[in-house]
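> Here is my input; please provide its structure:
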Amino acid sequence: MAGRICPVWIGYILLNPFRRLVQNPEKILRPFLRRGMRVLDFGSAMGYFSIPMARIVGPEGRVVCVDIQEGMLEVLRKRAGRAGVDGTIEPFLISGSALSLDGYRNGIDFVLLFAVAHEVPDQEILFRELYQALKQGGRMLFSEPSGHLSRAEYEASVSLAESQGFRRVEPVRIRGGFSLLMEKPL
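Numbers count the residues shown, from 1 in each chain. All right, here's what the predicted structure looks like:
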């Protein structure tokens, strides 16, 4: 998984508390999550969304935090421990070109794909494996920053997701980007 990868030091900038004024994780995610859910945060970095997700799904839930950089996951582990949600967080390091999500096949209720798909060189593989990981009726919030790509580029990615079986549910308003709720049909 090489490409335009966000360096580890940028992860600290993404944790800036002022970001909550524009992108509040609880407000964004609460409509889609419930206690006990098993969710996957693809490109979790240092856990800006992962830790709030863990609080929402609670100790009976699970947050699989997927990243390509061990440095990001190291910081995530420390932050999860300090937040008291380390038992709910499951860091998952990707290596190579395949995502290797077979162990989660049909086991995930919700996927967060936030500001990271544009970094993945083979989005067809990305959407195929995320689709396979989701349960029937499972949903994915797919959001990309408008500063990194055009609406046409985002729509091309959405079309790739649809080619793998995803269905559009509804647009989601998130400041600074293009966002869509998608699902794996029943």
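> So in that sheet, which strands flank the helix or strand containing Met140, and in what orientation?
Using DSSP states H and E, Met140 sits within strand 134-145. Note on strand 134-145: by DSSP bridges, its sheet partners are strand 108-114 (parallel), strand 177-183 (antiparallel).
> Please put the alpha-carbon coordinates of the last one into CSV.
Looking back up the chat, that one is strand 177-183. Provided in CSV are the C-alpha atoms of strand 177-183 (Å, rounded to 0.1, in the frame of the first residue of the first chain):
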residue,chain,number,x,y,z
GLY,A,177,-15.2,17.4,2.1
PHE,A,178,-17.4,15.1,0.1
SER,A,179,-19.2,12.5,2.1
LEU,A,180,-21.6,9.7,1.4
LEU,A,181,-23.2,6.9,3.5
MET,A,182,-23.0,3.6,1.5
GLU,A,183,-24.1,0.1,2.4
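> Among the strands paired with strand 134-145, which comes closest to Leu15?
Nearest to Leu15 among the strands paired with strand 134-145 is strand 108-114; the distance by CB to CB comes to 14.0 Å. C-betas here are computed from N, CA, C, even on glycine.
> Determine how far the closest one lies from the middle of the whole chain.
The chain centre lies 5 Å from the centre of strand 108-114; the measure is CA atoms, centre = their mean, to the nearest Å.
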